[in-house]
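Colleague: Pasting the sequence and the predicted coordinates here, then a few questions.
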Amino acid sequence: MKNIIRLFPLLYFFVSIPFLFVLGEIYGLKACLSVLSAFIIIFFLDFNIFRKHFLFAFCLFAFAFVSFFHFLFSPNYRAMDLFDMLSWILCPLAFYALYGKIRKNVSAFLFAVWFANFAVSMWQIFSGRAFVGLPDNINWQAALVLGTTPFALNYARLKLRSNREYNPALWTACIIIAAFLALTLMKTKSRAAFISLAFASILYLFLKIGNKKLFLRTALLSILTTGCVFGGLILFSENFSAKVSGILFNDIRPTIWAGAVNMTKDYLFFGVGEPSFQSAFMPYRPIGYFLRSHHFAHITDHPHNHILYIFACFGVVAGFLYLILLFYPIYISVKKYKSLSSGTKTVFFSFVLLLICSFFDKTYFEWHTLFIMNLLLGLLWFNAWPKENYARIPDNKGKLVRYVRAAAGCLILVFFAYTNYISWFSSVRYVSAVVLYDNYSKPASALSVCGSALRKEKLMASANFAAAKISLQNFKDPYMTEHFIKILEESPTPSYARSNLIMANAQALLGRKLAAISYLEKDLRNYPISIESLYKKAMLEKSIGRTEDMEQTLKHLDTALAHKGLSYDDIPYILTHNSFDNKFSDYKKLKEQGLNKSAD
């Protein structure tokens, strides 16, 4: 029984894989893992480690303090939100606590993940589907393959090694694993994966060579050669130069990185709180973000950089302490590299590969790689802050501790069952509603199923938004729309996508013009060059005699049209096909080809 409990986090991950593959996303899954981690910590962590490793304890408790601060002083936060914030320390700490129990299973586990992803990816290739693997995204697929490849190679070495000088089975396995990695890099074209692999390769050479002077000479020569080749291509190849310019202009990362930095400046000490990030970040997206029409998304729940995300959510103090938890184990691993076992070296390089990817994408945010990184970080924590032999607690106190642990563990276990029921049920119902609406055009059924999801999880932002949108677009019911948006505003995510625009339209239908203008102003803080919102705001201001306000709004509308390369003649079409308000590049292509009618 104890062995099952110890391996339960790994089993939980495998159970989630088919559900995620079908559903695409499970609401609150990170919080559920955090609750499970708390249960593991209560039963398996030797709390005496905090007496020996002060720095480790201080970083953990200080980060937890900031999380509890947000939980206590944010009226809309609930227990699941608290565990969601604590997941950044609870999940690795759980694997730290299980180190001695699971370290022998890690290679087999991550090889199994690699193999499952390999099988799904091959099926996708041969069936003509997109090469997105288990994560259902090309960049996350690249990170997952990159992070599990060291374990696939190590597992093959352990299982197929022999005393023979030439081992055909081992060579065949290694060639297949390396070929799959090369195929992934070619098909995904993930720049983060290429950068991560290059950095890890340089680090490996540095640790392998040992001679710092020789390494620096080799690295400097390589950098200079690469720089000369790259610079020459930019200077003398117009096609290459154009491609580089296109990549730099179309990439949204610099814009949202700048937004995350500005957000951190405004919430310097404690951050905005992780559950509030998605809504709070919307006004910080600069104009440049909206000009990347091809990559535009209504929902920005992450700045595509893990460090910036932590700093924005928890502030600079907790952020710097988290950096210690993240990089100190790497420093210790580099320092003790020659004495590390092959398994620990594999853990180290796999974590470095994934960590570099997380600086450019949502690698340490999406489920598959999030779970793996928490696992690897916990193992590296044990390498940096190992458990030692401590004086035993007297028997009378030991019994009391066991009783307290048992009671706390039972409460946590009940809460774990509850959070999973809520998360999985509401996710299934919400995805069912989306399928009914998008694939079968059954808005009434979709609204009903959305309602059943909200009866279990009232503050589920995506379900409230979907219900409000269906109520207004399909049933022209502003009262029902207002009901769902009001519930949304009580959640940690009061603004979700174009919820303020939908509410403004509902208020306008009810004849509440001032309220409609107020919601349009909220929407424009999040979407500053929205043609639809600016035009509707100007018309409402005109209807109530606010001439000066209308003139000011029309000036902003002129600026928005100029940014998008459009004119007033394009406004009527955009109002009836509002997706082109953001995907304006697609609209201009259609306009050039004279295919406006085909878009209907």
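Modeller: Everything's here; your move.
Colleague: List the contacts of residue 190.
Modeller: Going by CB atoms under 8 Å, 6 or more residues apart in numbering, residue 190 touches 138-139, 142-143, 357, 361. The way it works is simple: take the backbone N, C-alpha and C, and place the C-beta from them, glycine included.
Colleague: Please report how far it lies from residue 356.
Modeller: Separation of residue 190 from residue 356 (CB to CB, to the nearest Å): 11 Å.
Colleague: same question, residue 304
Modeller: 13 Å.
Colleague: And for residue 448?
Modeller: Taken as CB to CB, the span from residue 448 to residue 356 is 46 Å.
Colleague: Equivalent analysis for residue 408, please.
Modeller: Applying CB to CB to residue 408 and residue 356 gives a distance of 38 Å.
Colleague: What ranges does the stretch 151-300 of the chain have for its helices?
Modeller: Listed in chain order, the helices found in the stretch 151-300 of the chain under DSSP state H, counting those that start in this stretch are 168-188, 191-209, 212-236, 238-250, 253-266, 277-281, 287-291.
Colleague: worst average pLDDT in the ones you listed?
Modeller: Mean pLDDT is lowest for helix 238-250 out of those, coming in at a mean of 55.
Colleague: Okay, now the unreliable bits of the stretch 451-600 of the chain?
Modeller: The stretch 451-600 of the chain contains residues with pLDDT under 70 at 595-600.
Colleague: the helices in it, which residues?
Modeller: Remark: helices assigned in the stretch 451-600 of the chain by DSSP H, counting those that start in this stretch are 461-473, 478-489, 499-509, 513-526, 531-543, 547-564, 571-576, 584-593.
Colleague: Which elements pack onto the longest one?
Modeller: Put plainly, it is helix 547-564. helix 287-291, helix 531-543 (3 or more CB pairs under 8 Å, 6 or more residues apart in numbering; DSSP states H and E).
Colleague: out of the ones you listed, deepest packed?
Modeller: Of all the helices and strands packed on helix 547-564, helix 531-543 carries the top mean neighbour count, a mean of 21, counting by mean count of other CB atoms under 10 Å.
Colleague: Return the alpha-carbon coordinates of that one using CSV.
Modeller: In CSV, the C-alpha atoms belonging to helix 531-543 read as follows (Å, rounded to 0.1, in the frame of the first residue of the first chain):
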residue,chain,number,x,y,z
ILE,A,531,-12.2,49.3,-34.0
GLU,A,532,-15.4,47.8,-32.9
SER,A,533,-15.2,49.1,-29.3
LEU,A,534,-14.1,52.6,-30.4
TYR,A,535,-16.8,53.0,-33.0
LYS,A,536,-19.6,51.8,-30.7
LYS,A,537,-18.3,54.1,-27.9
ALA,A,538,-18.3,57.0,-30.3
MET,A,539,-21.9,56.3,-31.5
LEU,A,540,-23.1,55.9,-27.9
GLU,A,541,-21.5,59.2,-26.9
LYS,A,542,-23.1,60.9,-29.9
SER,A,543,-26.5,59.5,-28.9
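Colleague: In terms of helix, strand or coil, where does the residue lying closest to residue 323 once chain neighbours are set aside fall?
Modeller: The spatial neighbour of residue 323 that comes closest, neighbours along the chain excluded (CB to CB, 6 or more residues apart in numbering), is residue 307 at 7.2 Å. Here residue 307 is helix, with the state taken from DSSP: H, G, I helix; E, B strand; the rest coil.
Colleague: what's the answer for residue 27, then?
Modeller: coil.
Colleague: What is the burial count for it?
Modeller: 25 (other CB atoms under 10 Å).
Colleague: Just read off the phi/psi values of it.
Modeller: Per-residue torsions, residue 27: phi -60, psi 130 (degrees, to the nearest 10).
Colleague: Going by secondary structure, the residue nearest to it when sequence neighbours are not counted is in what exactly?
Modeller: The shortest distance from residue 27 to any residue other than its chain neighbours is 4.6 Å, reached at residue 427 (CB to CB, 6+ apart). Element membership for residue 427, per DSSP states H and E: helix 395-438.
Colleague: Can you verify my assumption that residue 412 contacts residue 34?
Modeller: No: between residue 412 and residue 34 there is no contact under CB atoms under 8 Å: 10.5 Å.
Colleague: Looking at the two, which is more packed in?
Modeller: residue 34 (25 against 20).
Colleague: contacting residues around stretch 85-92?
Modeller: 30-31, 33-34, 37-38, 41, 60, 63-64, 67, 70-71, 83, 273-275, 310, 313-314, 322, 325, 371, 374-375, 377-378, 381.
Colleague: Now with 6 Å, please.
Modeller: Contact partners of stretch 85-92, identified using CB atoms under 6 Å, 6 or more residues apart in numbering, comprise 30, 33-34, 37-38, 60, 63, 67, 274, 374, 377-378, 381.
Colleague: how about residue 104, phi and psi?
Modeller: Per degrees, to the nearest 10, the backbone of residue 104 is at phi -80, psi -20.
Colleague: Flag the shaky bits of the stretch 51-200 of the chain, pLDDT-wise.
Modeller: 162-166.
Colleague: Next, the distance between the ends of stretch 509-517.
Modeller: Taking CA to CA, to the nearest Å, the first and last residues of stretch 509-517 lie 12 Å apart.
Colleague: from the middle of its chain, how far away would that stretch be?
Modeller: 36 Å (CA atoms, centre = their mean, to the nearest Å).
Colleague: Relative to residue 274, how far out is the closest residue to residue 316 other than its chain neighbours?
Modeller: In space, residue 316 comes closest to residue 268 once its chain neighbours are excluded; the distance is 5.8 Å by CB to CB, 6+ apart. Residue 268 sits 16 Å away from residue 274, taking CB to CB as the criterion.
Colleague: now do residue 547
Modeller: To residue 274, residue 547 is 44 Å away according to CB to CB.
Colleague: what about those two, which has more around it?
Modeller: Ranked by neighbour count (other CB under 10 Å), residue 547 and residue 274 place residue 274 first, with 24 against 10.
Colleague: follow-up on the earlier one: what's around the residue nearest to residue 27, how many residues?
Modeller: 25.
Colleague: Kindly report the same for residue 573.
Modeller: Residue 573 is flanked by 16 other residues according to other CB under 10 Å.
Colleague: Could you measure from it over to residue 587?
Modeller: The gap separating residue 573 from residue 587 is 8 Å, by CB to CB.
Colleague: ok, now residue 203?
Modeller: 46 Å.
Colleague: Likewise for residue 512?
Modeller: Residue 512 sits 31 Å away from residue 587, going by CB to CB.
Colleague: Repeat that for residue 443.
Modeller: Counting by CB to CB, the gap from residue 443 to residue 587 is 26 Å.
Colleague: Isn't residue 452 up against residue 428?
Modeller: No: Residue 452 is beyond contact range of residue 428, at 9.9 Å (criterion: CB atoms under 6 Å).
Colleague: quick revisit: and the contacts of stretch 85-92, which is closest to residue 543?
Modeller: residue 274 (41.3 Å; CB to CB).
Colleague: Residues contacting stretch 264-281, please?
Modeller: With CB under 6 Å, 6+ apart, stretch 264-281 has contacts from 66, 70, 74, 81, 85, 300-301, 311-316, 492-495.
Colleague: The same query, at a cut-off of 7 Å, please.
Modeller: 66, 69-70, 74, 77, 81, 84-85, 259, 263, 299-301, 311-317, 492-496 (CB atoms under 7 Å, 6 or more residues apart in numbering).
Colleague: Equivalent analysis for stretch 496-515, please.
Modeller: 279, 298-299, 461, 465, 468-469, 472, 478, 481-482, 485, 488, 516, 519-520, 522-523, 526, 533, 540, 543-544.
Colleague: Out of these, which end up buried?
Modeller: 279, 461, 465, 468-469, 472, 478, 481-482, 485, 488, 516, 519-520, 522-523, 526, 533, 540 (16 or more other CB atoms under 10 Å).
Colleague: okay, now the spatially closest residue to residue 207 that is not a sequence neighbour: neighbour count?
Modeller: With sequence-adjacent residues excluded and distances taken as CB to CB, 6+ apart, residue 207 is closest to residue 337, at 4.8 Å. A count of neighbours around residue 337, defined by other CB under 10 Å, yields 17.
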